[in-house]
Each structure stands twice: as structure tokens, then as C-alpha cells.
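Asks: Provided below for reference: sequence and predicted model.
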Amino acid sequence: MPKIRKSMASKVGLPPGTLLHIGDMRVEKANINVLHYNEDFINETYDAKVSELSGLVTRPGVTWINVRGLNSKTVECIGQQFHIHPLVLEDILNTDQRPKLGDYGDYLCVILKSLVVPTGADDYAAEQVSFILGPDYVISFMESLPGGRDVLNGVYERIKGRPGKIRRQSADYLLYALIDSVVDHYFLVLEHLGEKIETMEEEIVTQPRPDLLSRLHALKHDMLFLRKSVWPVRELVSVLERGEAAYIQESTLIYLRDVYDHVIQVIETVEIYRDMLSGMMDIYLSSVSNKMSEVMKMLTIISTIFIPLTFIAGVYGMNFDNMPELKWEYGYPLIMSIMLGIALVMVRYFRKKCWF
Amino acid sequence: MPKIRKSMASKVGLPPGTLLHIGDMRVEKANINVLHYNEDFINETYDAKVSELSGLVTRPGVTWINVRGLNSKTVECIGQQFHIHPLVLEDILNTDQRPKLGDYGDYLCVILKSLVVPTGADDYAAEQVSFILGPDYVISFMESLPGGRDVLNGVYERIKGRPGKIRRQSADYLLYALIDSVVDHYFLVLEHLGEKIETMEEEIVTQPRPDLLSRLHALKHDMLFLRKSVWPVRELVSVLERGEAAYIQESTLIYLRDVYDHVIQVIETVEIYRDMLSGMMDIYLSSVSNKMSEVMKMLTIISTIFIPLTFIAGVYGMNFDNMPELKWEYGYPLIMSIMLGIALVMVRYFRKKCWF
Amino acid sequence: MPKIRKSMASKVGLPPGTLLHIGDMRVEKANINVLHYNEDFINETYDAKVSELSGLVTRPGVTWINVRGLNSKTVECIGQQFHIHPLVLEDILNTDQRPKLGDYGDYLCVILKSLVVPTGADDYAAEQVSFILGPDYVISFMESLPGGRDVLNGVYERIKGRPGKIRRQSADYLLYALIDSVVDHYFLVLEHLGEKIETMEEEIVTQPRPDLLSRLHALKHDMLFLRKSVWPVRELVSVLERGEAAYIQESTLIYLRDVYDHVIQVIETVEIYRDMLSGMMDIYLSSVSNKMSEVMKMLTIISTIFIPLTFIAGVYGMNFDNMPELKWEYGYPLIMSIMLGIALVMVRYFRKKCWF
Amino acid sequence: MPKIRKSMASKVGLPPGTLLHIGDMRVEKANINVLHYNEDFINETYDAKVSELSGLVTRPGVTWINVRGLNSKTVECIGQQFHIHPLVLEDILNTDQRPKLGDYGDYLCVILKSLVVPTGADDYAAEQVSFILGPDYVISFMESLPGGRDVLNGVYERIKGRPGKIRRQSADYLLYALIDSVVDHYFLVLEHLGEKIETMEEEIVTQPRPDLLSRLHALKHDMLFLRKSVWPVRELVSVLERGEAAYIQESTLIYLRDVYDHVIQVIETVEIYRDMLSGMMDIYLSSVSNKMSEVMKMLTIISTIFIPLTFIAGVYGMNFDNMPELKWEYGYPLIMSIMLGIALVMVRYFRKKCWF
Amino acid sequence: MPKIRKSMASKVGLPPGTLLHIGDMRVEKANINVLHYNEDFINETYDAKVSELSGLVTRPGVTWINVRGLNSKTVECIGQQFHIHPLVLEDILNTDQRPKLGDYGDYLCVILKSLVVPTGADDYAAEQVSFILGPDYVISFMESLPGGRDVLNGVYERIKGRPGKIRRQSADYLLYALIDSVVDHYFLVLEHLGEKIETMEEEIVTQPRPDLLSRLHALKHDMLFLRKSVWPVRELVSVLERGEAAYIQESTLIYLRDVYDHVIQVIETVEIYRDMLSGMMDIYLSSVSNKMSEVMKMLTIISTIFIPLTFIAGVYGMNFDNMPELKWEYGYPLIMSIMLGIALVMVRYFRKKCWF
């Protein structure tokens, strides 16, 4: 997952409303596709011109303006046409924004974090997705260009595909469908993380290797990032779901309530995963300490058995002139038997103490 | 207990209201039993046909439609007859749902998790139980087929058995009795877990074996699952108990308040068990460390006594030409006595230090 | 203290309101004493008959029916005479109940846990105490028979003793006095526990023995039990003290506020004791680890000094033909002096490192 | 600081309102000084008689009755004159009371804990300070006799000193000044504790001695006591500051808000200190473990270097008849060189591993 | 960062409203610059005289009085001219104040903590910044003199620079801009701390040195300080943003909401950093314990291999007359081979146990 810290410094000192793209993917030109539809017809405009967008939304039916690739000029131009407050545009461009909902009377602004599971060895793709809901249009902003892993693509295809429910509904239902799609992808990420956690859980019990620790730490990081991304969505959807925001119709509330339930479920699962990770940390540490205790026992057993024997051998290696045992014919086998006896007594003692 | 993570992925990308059964037990055909009763009569219909259900609820008296085995076609058909919102049907079929209460004006939907203690070596049986409360009927949905361990069976038998209180009451009392039965089984699960905890508590003090750790971890898992299942029930029953939901009559409220108390008691006990498990973890770790400390002491005592003696023996094993002690007649017994003296002093020192 | 887990299983599956005594002390016959008093007279009825109780409360003045020994038949009979809801009777009989307050319009039901400090080697006596407050009577239910350690006895004696304040007041003041007596005994239990904690605190610093750990664990258990018993009392008394419950008069509120303050104080002290126990756990563990570290140092000092010396002795014990030092006249004293020098240097080094 | 546990047992079983002094300092006779003042005049009565107090407050101007030394007879007598509820008098006498505010219509009762930093080797002086605010008088109760370290003395001197702001204000401002003085002393205690913490913080890093542990534990105790004393003051002052209590004038509210801010600051600092103490505990434990690890390394290095060498020396100390190396002319220096080589290789290996 | 504890003691005992500067930087003379502007003109007065300030704010347009250097005489003089309550002046001078907002009807007082990242080796510069908002003026107070690192400088330059948005707005917008500038600097501090944390995170995994511990502790300290400084700002801005304070116009609310979002983001990041630091502590401790476990294994392997061999060598160094093996021609190579065999078996055993 991406770093929690992004460069927040570049905007400090600038007056509010200064449009400056803060993020990793910089593009020269945004790609804008427009879907215009109602129950009966559907119209797709590829690569629409920024300056003509405001004309497109005056037609009857729902219009979805899908802007991919963030670029301060494009966003500013769209802002002017749809009379969007500069602070809102600033939030859309600053991809380090906290998820939030703004109801500005004429339009609604929803900013979310989308998360996509990695396809191969690459990392989770996290980016900021912003929506502007007007009376009969939705403008969506994403950082990534078309072609990549795109959380909104499913909705796009569903509208184009067949004249389903979404085609019979108004723009607020489209907004719901887009938010729902973002939230649904959280489940995929959770499942991906859950698989990792389960794999590690087994490994920890069977063979606790030192690298588990940093992998546990990385997973904790991911959880922190996920929580940071999802937590504010709870309140945001809760406001929408209570039907207090502009343009949200009564009939859409039941669907938003469904999204709300999903968000709660994501949050609960994240908390449970955090609990499980803490538990795994404890188990890892105690496995390590168990292993060390085993090593210590080995050392102690060997030392405790052989140190007294070595001492006895040392005694009979002394060069005193007058050591009668050395002259005995069976001195040597006798002393060896005594040593064996001592060793056996000790082994039995350790057995009784359950040391091995 | 079942895994916390279920496959949430298969539904992502589908439009809302798509009916798809998400769960482990797939059946071709649901088994539907109908109980129709009031104080005076009782009527049981085995294996009712799905298409005729709506006719059954028009008769006076309370009707309980007990659907066992989840199957998207059956649920869809029931949904059409009773005019249930597709999102509600989706929740009933998606067995990874969070416990929740929905008041849809014409009907009430309650979704719970039932838990049954294992009879033999098998695991806790957890499944989703959903209830639809209409004006004078209750529809219950379970995943398991008849014959298994069934949390609702007790209520079923009680109604059939004798014309008790439940026969004199309306459908909301039936809903109460069903919820109460689910919550009562939580107590059985808690007691089962409590027994396990007590057994482990004794074992930990007497003989802390490494496998205790993973058993502790498994119990913590169970607690997390239980908490996840029970926590939302608190709020759910609280809403019912305040009498704000449709079809809930004044006279039933006192019973729901009783259920509410039970749920609080379950939650408190789960929290106490979690506290106890953390405490046991600490005790386990400290027992292990105590044991290791004992091992270390043994090593230290043996080494510290014999290392100096071995050194002395080594000294008189040196081959210098001019070592007068070696010529003394009583050099050998003298040096042996000195060694014995050193050993005794050391043993007394360790005794004083309370090492053994 | 008693086990946190009691047998919750025996009631599962029974219809609500089934009267079944759940507890440890089963009696054939309850002992019922009745005090009937006002400012001017006092009347005591020993061993009153269950069937005549309702007649006793019609007389002017306050009547206290003190039922000792729980028995489902007795409770059921009392319930019928005073028109008490079966669920309330069920709560009174089920001694695993959570402390709770029920306002049923005609009467008030208060359920508390009483705790009595052990007199000798026996354990804390915990039992459930229930009160029913009617217009001018209080019925109290206890599990224990007369003769034992009884938290209500003090109030009983006070009423009988001299015509004090309690004799001039109505039944709600009697209820207050009984609750106050139960809460006062919590202080005695806290003090008893506090003494134990202080004793252990001193022991931990002076000589941390392994059995301290299980005693600490037992104390933590006691705290969990105490918290579970006292926590709900806070809310319960708070409701009473706000004067929202039936039969509670304005003039009694100030006394209930006093009880409320006491309950808060008990809760705070329990939390502080829990904090202290956690701190003691840490100290115990770190004392153990300090002790082990001392053992290790001893081993290391002895080994580190003698191992090199033993090596040197070993070298001059080798049997090479050509070892010129062995022929020197002062070779032996020389090598012994070198060894002494090495030992002294090492001792000084360890001194400098503050190892002993 | 004083023990958290005081003897709570002596009052159990007595009827409410029984006046019994619970505390450490028992006096035969309380010392009562009365200050009577307004902007123009000031009147001081030393050692006022208890029976004449009610006459003193009828004069115009503000009267402060400063009672030092708690004694149940004195308090009872004052209570009768000023018509104070017996429960309030009981709270004043029971010095184990939780800080609290009571608004009894005719008068206001404020109970606080005062804390004074030790002057020499003695402990923090903690005692209970109670205030009764009437229409134009304040009665203050303290346990200590005049001459000691007295938190109210500063205010006393300020009033006597010069005709400042306090002389122009009514009795509620006097109450504010007294509470403010108590809270100000918390800052002194905090600073004293803060100095101790900083000293220990340095010690822990430089030389972690075992006695640090018990000093840390003692500081944690002090923090618990402080928190217990200050926490309820927050709510208490908050109620006063909202202007809901009797006799509190509009113009005094801004000053009470200032006290409220101070209390919040004290609480925050206590919480930060608690955090810091936990952190220091961790550092101490890890320093100990670091030190032990160092000891272990020393042992391991010495043992690992000399054990193989000693083995080699042992080999050439064997008495086999046929050991050709023993006959070689340069056998001895050769074997010594080999030993040196082995030692050097090992030292280099440990260097590479960063062991020393 | 500065110490959490400052000298709170010097004010204890003084009457409220006593003006006394509590802080580190004492100056003889404050430096006062005045900016007077509206959309059309801008006027800068350097080193304005304190006594003439009230005259400057009567002119139309917005006036910003920028006071740098705290000095009780200056503040008192300003207070008299603008009729500011002595308690407010006391708060401004006491630089150990908690961030707070006071709405005094005629003016608004905002007290914040400013934090500036160190430029070189010096520490974070923290100081108290206070603002007084009147109908068309803002007075700002800072401790530092001009020339240093000044969080308000950016706003100053922006106003002087070009006739931007800020010049067209009223005084409340200026207040917003100043608060925003303070909050923006928190991001810089967070980024600086974040970099430190990341550097340490890498170090901990690669080479956990003992000094990391005290650096971790220092970072935790910084976090505590930051949290203490930022936490109250949340509530403060929240009050402003709800438009309940005097002089705050409707049009400024959207900007304050933006500041509020930033403050929330700062708080969340601080909490995440605290979480990460705890995690790093755990990793550090477990790395140390891993390293020690490695050391132990080394010791155990070497000892366990050589101790038995040394014993065997010792046996054949005994001087018994009758030891037949010593006479064997191939006794010596035989015994050496046996020793080699034992060593190889042991090495293989440790390999199997995954010890190295």
C-alpha cells in the first residue's frame, strides 16, 4: 500500500483555492468520456472537449462525465463551467485528501479513496476518486488513465451493457452505484489481506522465521492505511443515507443504507484483522522465546552432564606422585563406570523434569 | 468456529439486488414447513409448495413459514409473493451478512447469526437465520436442512406440543420466541467456551505446554467471531424493545426487554472472557519464562561449582618439572579436600541466595 | 469469589416465565420474616405463611417481607398474591441475573449482587438480592438462610432497635436503606481486597515467588467479578436518583444521590485496583527478569574468569617433548602469577562495568 | 502521597447522616477564624465561638468562616446553625469523600482534595477541603490546624493585605478564589512530579538500576491518586461555570471558566505523565534486556574462543604412546600458532557480526 | 520539541488577572507592525507606538496589528485601549496556555501553538500565537521577534504582495488566513517527523542499535507534545466553523471548514504515527531478542560440540597405569576419528533443527 505520508509541504504558504495537483501520476491531458443515457437511449462521447462539457448536461437524461487523469488546467476549466467552488477543486486535485462529503447546495462533492488488489507482484493501487453530483449529472475524477485497474469500469460497462435498473434511475442512483463500486473493492482488498493473514498464521505456528516480523509490521501498516481510508466513509455515507443531502431522492436511500451496512462491515473486519495481527505478534514473540528456551535446555543438558565428568577426568590427569587409584588394576574401568553412572542419573533427572 | 473471512468477492461488480446465494451449503430444493395456529387449532403443512405460500397467510391466526435450505430461486419466488425488496432478499441469501434489522413498513426483516455447540468432535455450527415479520405471519430462513442441530426446533416443538402462551399471542410474539431461542443458544456456546477456558486455566498453572499457545489463540478467534455475531444484536433488539418497529405490540415489549438483558449479559461475558484470555496469555508467557529461569539456574550452579574445580585439576595436570606439591605425600588428598571445601562454600552461597 | 460462569444451560429451550431456581443453595422451605412498623409501633412476624402475605400489607404503616431461601414454589405463590409478572419472578429465581431495575408501574423490581467478606478461610460470599417495592411494602429475596453472613441484617436490627429516622419514613426509604446496606458491603470487600493487594505489593518487591503470579491472577478474577456486579448498579441507582421511578418520593432522592456517589466511588476504586494489579504484574515480570539477569551475570563472571585459565593449564598439561617452559626452575610459579594477573584484570574489568 | 485505600469500614452499618470523623488528624477543638469584609472595611475574628457563628453572617458584607481542624461536634453545631443537611455534614467529616458539588437551594457545597508539595523529606500533604456557599458567606472546612502548609492561606492574606478586586466582589467570587487556590496548588504538585520524572528519565538511559522500578511504580501510584482527586473536579467546575448553581453571579462565570481551563490542563498533564511513565517502564525493561544481552555476548565470545582451544590442548595432553606430533621438534610452537590463528579468525568473525 | 513541563509555579498565589509574562523569551520592547488595507490601498506602519494603536483601527478597511515580542507592559497597554478583559491578557502572556477560543461579545480571542521545523541542528521552534478579532481589525501576538522563523510571515507577504482575495475580504477572513497558516505549518512538522520515523523504521529492521530506543522515546515525546498542541484546536475551529462566534461571516465558514478538515487530518496522522511508533518499539524489542537468541545458539552449538570432545580428550589424559587403548598403535588416530564422527553427527543434528 502507498506510504501514509505524502508530500504535504508543497502547498504550505499558498493562498486557499490555489489549484495544484498533489499526487504521483502527472498527465499532460486528461481523458474525458461522457455517457448520456436514460431508459430508452444511450450516447457515448469519447475524448470530449473540456470546453464543451457544460453544454452536454443540458440535454434531458442522466449524464456521466468520467474524467481520468488529474491535471490542474482541466479541473479548473470544469470548475468554471459548473460553478464549483475553488476549495472543492483544490480538494479534488490534492490526492492526499481525507475522504469527505460536501453539500454546496447546487452540487454535492464526494471524495473517496479507491483501492485495487495487485494483479501480480505489484502493490495495491490506491488513488483518490472524486464525484460531483449535480441535478442530472455526475462528474467523476480519477488519477489513473484508462486501461489500468479501474474501480469505476464495472459501472461503466453495466450502463452500456443492457438497459437495467441503473438506466431507469436518476443521477443520484448513478452516484450510489459508483460509491458502491468503490466500497465493493474494499471487500476484495480485505479478502486479499485476509488470505495473507491466514497464510502467516499457519507459518507462525509451524516455523517462526525472523522475516515474519517485518511482514507482520507491513500488514499492520496496510491496516492503518485501510482504516484511514474507510473510517471517514462511514460518516459520509451515513449523512447521505439519512437523506439530508441535496439531490438524493427518497427511493435511493434504501440502497445507500445497504452501502452503509457494507462500510460498517469493512470497518469491523479491519478491526478484527488488527486484533488478529496483535495476537499473531504475541504468538510470534512467544514462539521465538519457546525456541530459545529449547536451545537453552540443550545447552544446559549437555553442559550439566559433561562438566562433572570432565572434572573427574581432570582429577585423574593430575600428576601427583601419590595417587593410589592410578595404580589399581581396574582403576580405569571403575572410574569409567562411575562416570557412566553419573551421566545416567543426570539423564533420568532431566527426564523426570520433562526437559526432553 | 467458522472462518471470519468468507468469499466476499463473488458479488463484486454485480448490480444491487442480484440474488446469489453466498454460503457453504448449497441445496437444490428448500424444505418448507408451515405452522398455522391460534389458541384453538393448529395446522401443519409439510413440504409446502413455494407458489402457494401467499395463500396460506390470508387465513385468520398466526402462520409460521419455516424455510430450511437456502436457494436463490425459492427466495426470489417468496420475495415476489410477499412483495419483499430485492435488497432484503439479497441480504437473506448472502450468509456473510452482519446481523441487522430493517423496518420496511409492510414487513420487518431481522437477520441473526445462530450458533450451536458441537455435539462430538465437530466444530461450532454457525449459520445465518433470517426472519420476515408481516401482519400475522413470520417467515424464517435457515441454511441447514431439517435433521441437523436446529436452533428454531425448540420453538417449533413448543407450539406443536401444547396450547401454551405462544398459541394465544400474535405473530410478533412468535418473532420474539424465535429471537429468544437464537440468543439462548449463545449461552450454551458461552458455557462451552467457559469450560474450555477453565480447563486451560488449570493446565497453564500446572504444566504450560507450547500447544496451549495455539489453543489460546483459537479461543481468542472464537471470541472475536462471537463478538462480531452478538454485538450488532444489541442495537437491533434495543430498537425492537423500544417499540418503534412495525407490528411489535405493547404487550411483547416486556419480553423483548428480557431478550435485551440476555444479549447484554452475553456481550459482558464475552468481554470478561476476552480479559481472562489476555490474562492467561500473560501467565503462560511468564510460566515459560519462569521455567527458563529455572533451567538457567541449574546450568549456572553446575558450571559455577565445577569450572573452578576443573581449573584446579588442570593446574596439577601441568607437566612442569618443578612443582613441589606433586611430590608431597598427602598432596592429592589435600587438594581433593580443598576442592570439596570450595564446592561446599559455593553450595551454601547459592542456598543463601535462594537459588534452590 | 464465585465462578463467573454459572450453569446457564438448564433454562435454554423453556418458554419464558418458566420458574426454575438457578443457583447453588437449594432449600425446601423459605424462611419469611415480616416487619410491620411506623413511627409509633413495630410488629414482627416470624416464619410467616406464604399464603397470608398479601393480607399483611393492607395494614397502615410500612411492611417489610424478608424472604430468605429461594424456592420456586414460594416465589410463585408470592408472585400470584402481589400480581408480579412471571418474567420478574424468573429473574428473581435465576441467581445468575445481571443487576437490574424494572419499573412495572404497580411495583418496582431491583436486583443486586451482595458480597460479604470471608470471616475465616472461606471465600467471599456472593449472592443475589432482589427487592420488590410496592406502595407501602418492600419484599426482599435472598438465597441464604438466616444465621449466615447477611447484608440486610444491619437494617433489620436498626429498625427493631430504636425508633430512628427509618421508622418515620415510607417504604421507598426502606428500599434505599437496603440498597445502601448492599453497597456499603462493597466497601468492606474493597478494603479486604485492598489489604491483599498491599501485602502482595510489598512481597513482589522483596521476594517475587512464582506463586505470586497465580495469586495476582486470582485477584484479577475477583476484580472482574466485582466490576461485573457493581457496574450495572451505577445506571440502576442513577435512574432511581433522578426520581423517575414509581413510589420514589422527593425526600428520598438526596439519599439515593448519596448511594450513587458511593457506587461511583466503588467503581473508581475497582478501576484503580485493576490498574495497580496490571502494574504489579509488570513489576513481577521485571523482578523475575532482573533475578535471571543476576544469575546470568554470575555464570558469565565465573566462566569468563576460569575458562582462559583452564586453557592455560591445559596448554602446560600437553605432552610435547620440547616445551622449554616446563624445564624452567620458576616456570610453575611464573605461570601461576600470570594466571592470577589475568584473573585480577578481569575482576577489575567487571567491577568497572558495574556487574557486581 | 497518601494511600488510595482508607478505612471505609468503620461507617458500614450506621444509619445515613451519622456524623463520624473519618480521617487521620483528630483534634479536640477546631480553630475558627472569621473574616468579615467589603470594599471599605475588614474585620477579623480570631478563635470565634462555634455557637455565635450564625450571628456573624447577618451583617452586610461578605463573611468567610475558616474552620481548621475537623471535629464532629463542631461540624454538627455549625450544621444546625446554618440548616445544613446531615448528609452534607457527613460528607464534610468523611475525608475519604470523592470531590463533589451539591446544590441544595439554600446553600452550595463544594468538596475538593487539596494537595501540597513536600517541603523536605516528608510526603505530599493531601487533605479534604470543603466549602459551603450561602447568600453572603463562605464556610471552609480543613483538616489541618493553622501553622501548617495551608492552600487557603494565600487567599486569606490577599484579602487582609490590600483592598483589591476580591474585596469589591460578593461571596461567590470568594468561593472562586478559594477553588482557584486549590487548583493552583495542583500545578505545583505536577511540577514537582514532573521534575522527578525528568530526573528518572535521564537515569534510566544512563544507568538503569533495579530500584528505578519501584520508584516508577510509586510515581504511577501518585498519578493514580492525583487523577482520582482531579478528575471529578472537571465536571464540578463545569457545572459551576455554566452558571446553573445557586448564588453564582454572571460576572464570576468568566473566572470560573478560567479555573475550568486550568483543571483541563492539569488532567491533560496527568494523562501525558502517565503516558510518559509507561514509556519509561518500557525503556527500563528494554535497557535491562539490552544489558543482559551484552552480558550474554561476553560469555559467548569468551566461551566460543577458548572452548575449542582448550579441546586442542586436551588432545595433546592425552597419553597415547604413539602420538607423532609430540615428538616433533617444533610441535609445540606449531600448535600454539594454530591456536592463535583459530582465536584470530573467531575474533574477526565476531567483529564482522558487530558483537563488540 | 520543548519540554512539556514549564514553570507553572510562579503564578500560584497571585490574584487572577495579574499580568506576568511566563515564557522563555523576554524582551524589553515589543515590535509592532500595522497593516491597514482594503481592495484598493495598502498601508504599512513600522514600529507603531503602543499608545496610538486604538486610533489606527477607526479608519475604514481592515487593520492587522502584528505584535512580536511579549512584554507585560505592552500587552496591558493594548488591553486598555481595546477594552480586553484582564484574564484574556493573562492568557496571552502565559505562554503555557492550552489552545483555546474565547468569545467575549466585543471581540474574539484565539490562542494557538505554532510549530516550526528546525532549519539546522536546532530543535523545533514552538511558541504561543494569540489573535484578537474585533469588528474590522485583528491583533496578533507572538513571542519571537521579527527575523526568526515566523509562521505568520507568509500571510504578511501575501497581503503586501498583490491585491488577491485576502485584500477583498473582511477581518474574519484575515483571522482565517492566520489560523490556516499556523495549521499548515503542522503539516510541515508532521512531514519532518514522518521522515524521521521512516528512517528509523528501516534502521530497526537492518541494524537495531541501543540508541534507537532513546530516539524512539524522543519521537514519542514529540508526538505527545504535538497532540497536546493540536487536539484542542479541533474543538476550537469546530466552534468557529459552525458560525456561532462573533464577527465570523457566512462567506468565511467554507474556508474554516477547510481548516477543520486539515486539523482532523493532522490529528489522525499523529494518531497513526503513535501507532507506528508503538509497533516499532515492539519490532525493536523483538529484534534485540532475536539477536540474543542467535548469540545463544552460537554459544550452544560451540559448547555442545566441544564439551563432549574435551571430555574424551580428558579421559585419555588420565594417568592410570592400566589403560590398554593408550598402548594401541592406532589408538590416537582411532580416537581422533571417533571425535570427528561425534562432531559431524552433532552438526547434522543442529542443521536438521534449523539452527544455522
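Replies: Arrived safely.
Asks: C-alpha from now on. contacts and neighbour counts both.
Replies: OK.
Asks: so A:V205 touches B:R215, yeah?
Replies: No. Contact criterion C-alpha atoms under 8 Å: A:V205 and B:R215 do not qualify, at 11.0 Å.
Asks: and for those two, which residues touch both?
Replies: The contact sets of A:V205 and B:R215 do not overlap (C-alpha atoms under 8 Å, 6 or more residues apart in numbering or on different chains).
Asks: where in the stretch 101-250 of chain A is pLDDT low?
Replies: For the stretch 101-250 of chain A, the stretches with pLDDT under 70 are A:120-122, A:145-149.
Asks: show me where it has its strands.
Replies: For the stretch 101-250 of chain A, strands defined by DSSP state E, counting those that start in this stretch occupy the ranges A:108-116, A:125-133, A:137-142.
Asks: residue in chain A nearest to chain D?
Replies: For chain A and chain D, the shortest gap (C-alpha to the nearest C-alpha) falls at A:G317, measuring 8.8 Å.
Asks: show me the contacts for A:R158.
Replies: With C-alpha under 8 Å, 6+ apart, A:R158 has these contacts: A:G164, B:P15.
Asks: ok, A:D150 to chain E distance?
Replies: Shown here: A:D150 relative to chain E, a distance of 26 Å by C-alpha to the nearest C-alpha, to the nearest Å.
Asks: A:V233 too?
Replies: Distance from A:V233 to chain E, by C-alpha to the nearest C-alpha: 14 Å.
Asks: what's near enough to touch that residue?
Replies: A:V233 is in contact with A:P99, A:K100, A:L112, A:V263, counting by C-alpha under 8 Å, 6+ apart.
Asks: residues near the residue lying closest to A:L20 once chain neighbours are set aside, how many?
Replies: Once flanking residues are discounted, A:L20 sits nearest to A:S72: 5.9 Å by C-alpha to C-alpha, 6 or more residues apart in numbering or on different chains. For A:S72, the neighbour count with other C-alpha atoms under 10 Å in any protein chain shown is 23.
Asks: one more: A:R168?
Replies: 14.
Asks: who touches it in this structure?
Replies: A:R168 neighbours (C-alpha under 8 Å, 6+ apart): A:N38, A:E39.
Asks: touching chain E at all, stretch A:208-227?
Replies: Yes. Against chain E, stretch A:208-227 shows contacts by C-alpha under 8 Å from any C-alpha of the partner chain at A:P210, A:L213, A:S214, A:H217, A:H221, A:L224.
Asks: related to what we said a few turns ago, would you mind telling me which of the strands of the stretch 101-250 of chain A is nearest chain B?
Replies: strand A:108-116 (12.2 Å).
Asks: tell me what the closest one is packed against?
Replies: In this structure, strand A:108-116 makes packing contacts with strand A:100-103, strand A:125-133, helix A:171-206, helix A:211-241, judged by 3 or more C-alpha pairs under 8 Å, 6 or more residues apart in numbering or on different chains; DSSP states H and E.
Asks: now, of these, which is deepest in the fold?
Replies: Between the helices and strands packed on strand A:108-116, strand A:125-133 has the highest mean count of neighbours, a mean of 23, where neighbours are mean count of other C-alpha atoms under 10 Å in any protein chain shown.
Asks: residues contacting it, please?
Replies: By C-alpha under 8 Å, 6+ apart, strand A:125-133 touches A:1-2, A:92, A:95-97, A:107-118, A:138-144, A:171-172, A:175, A:247.
Asks: show the buried residues in these.
Replies: Among those, those classed as buried by neighbour count (16 or more other C-alpha atoms under 10 Å in any protein chain shown) are A:1, A:92, A:95-97, A:107-117, A:138-144, A:171-172, A:175, A:247.
Asks: would you point out the most distant pair within the contacts of A:V233?
Replies: Within these, A:K100 and A:V263 form the most distant pair, 14.3 Å apart (C-alpha to C-alpha).
Asks: how near is A:F350 to B:S289?
Replies: Distance of A:F350 to B:S289, given as C-alpha to C-alpha, to the nearest Å: 18 Å.
Asks: okay, the two: which has more neighbours?
Replies: A side-by-side neighbour count of A:F350 and B:S289, using other C-alpha under 10 Å, places B:S289 first with 20 against 14.
Asks: surely the more buried one is within a strand?
Replies: No. Looking at B:S289 with DSSP: H, G, I helix; E, B strand; the rest coil, it is helix, so not inside a strand.
Asks: how close does the closest residue to A:D106 other than its chain neighbours sit to D:I254?
Replies: Once flanking residues are discounted, A:D106 sits nearest to A:G134: 6.7 Å by C-alpha to C-alpha, 6+ apart. The span separating A:G134 from D:I254 equals 47 Å under the rule C-alpha to C-alpha.
Asks: the two: which has the busier surroundings?
Replies: The neighbour comparison of A:G134 against D:I254 (other C-alpha under 10 Å) goes to A:G134, with 20 against 17.
Asks: would you mind naming what in the stretch 51-200 of chain A lies close to chain B?
Replies: Residues of the stretch 51-200 of chain A lying near chain B (C-alpha under 8 Å from any C-alpha): A:G154, A:V155, A:R158, A:S181, A:D184, A:H185, A:F187, A:L188, A:E191, A:G194.
Asks: and those, which two are furthest apart?
Replies: The widest separation within these (C-alpha to C-alpha) is 28.6 Å, between A:R158 and A:G194.
Asks: A:R98 reaches E:I267, doesn't it?
Replies: No. Counting by C-alpha under 8 Å, no contact exists between A:R98 and E:I267, whose distance comes to 11.8 Å.
Asks: neighbour-wise, which of these two wins?
Replies: Neighbour totals were compared for A:R98 and E:I267, and A:R98 leads with 23 against 19 (other C-alpha under 10 Å).
Asks: what strand or helix carries that one?
Replies: When elements are assigned from DSSP states H and E, A:R98 belongs to no helix and no strand.
Asks: now the terminal residues of stretch A:94-114, how far apart.
Replies: 15 Å.
Asks: contact partners for A:S140?
Replies: By C-alpha under 8 Å, 6+ apart, the residues touching A:S140 are A:W64, A:I65, A:N66, A:V67, A:V129, A:S130, A:F131, A:I132.
Asks: my guess is the first one is in a strand, correct?
Replies: Going back to what we said before, that points to A:W64. Yes. Counting by three-state DSSP, A:W64 is part of a strand.
Asks: got the contact list for it?
Replies: Per C-alpha under 8 Å, 6+ apart, neighbours of A:W64: A:V34, A:L35, A:H36, A:Y137, A:V138, A:I139, A:S140.
Asks: could you save the residues you listed as TSV and add columns showing distance to A:G79?
Replies: Shown next, in TSV, are these (distance: C-alpha to C-alpha, whole Å):
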residue	distance to A:G79
A:V34	16
A:L35	19
A:H36	20
A:Y137	14
A:V138	13
A:I139	11
A:S140	13
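Asks: which one of these is nearest to A:V57?
Replies: Lowest distance from A:V57 to the contacts of A:W64 (C-alpha to C-alpha) belongs to A:Y137, with 6.4 Å.
Asks: in contact with the closest residue to that closest one other than its chain neighbours, which residues?
Replies: Excluding the flanking residues, the one nearest A:Y137 by C-alpha to C-alpha, 6+ apart is A:T63, at 4.6 Å. By C-alpha under 8 Å, 6+ apart, the contact list for A:T63 reads A:V34, A:L35, A:H36, A:Y37, A:L56, A:V57, A:D136, A:Y137, A:V138, A:A171.
Asks: where does the first one land on pLDDT?
Replies: A:V34 carries a pLDDT value of 92.
Asks: distance check, A:L340 against chain C.
Replies: From A:L340 across to chain C, the span is 24 Å (C-alpha to the nearest C-alpha).
Asks: burial of that residue, as a residue count?
Replies: For A:L340, using other C-alpha under 10 Å, the count is 13.
Asks: now do it, the pLDDT please.
Replies: 94.
Asks: interface residues of the stretch 251-356 of chain A facing chain E?
Replies: Listed as neighbours of chain E in the stretch 251-356 of chain A under the rule C-alpha under 8 Å from any C-alpha: A:285, A:288, A:292, A:295-296, A:298-299, A:302-303, A:306-307, A:309-310, A:313-319, A:325-332.
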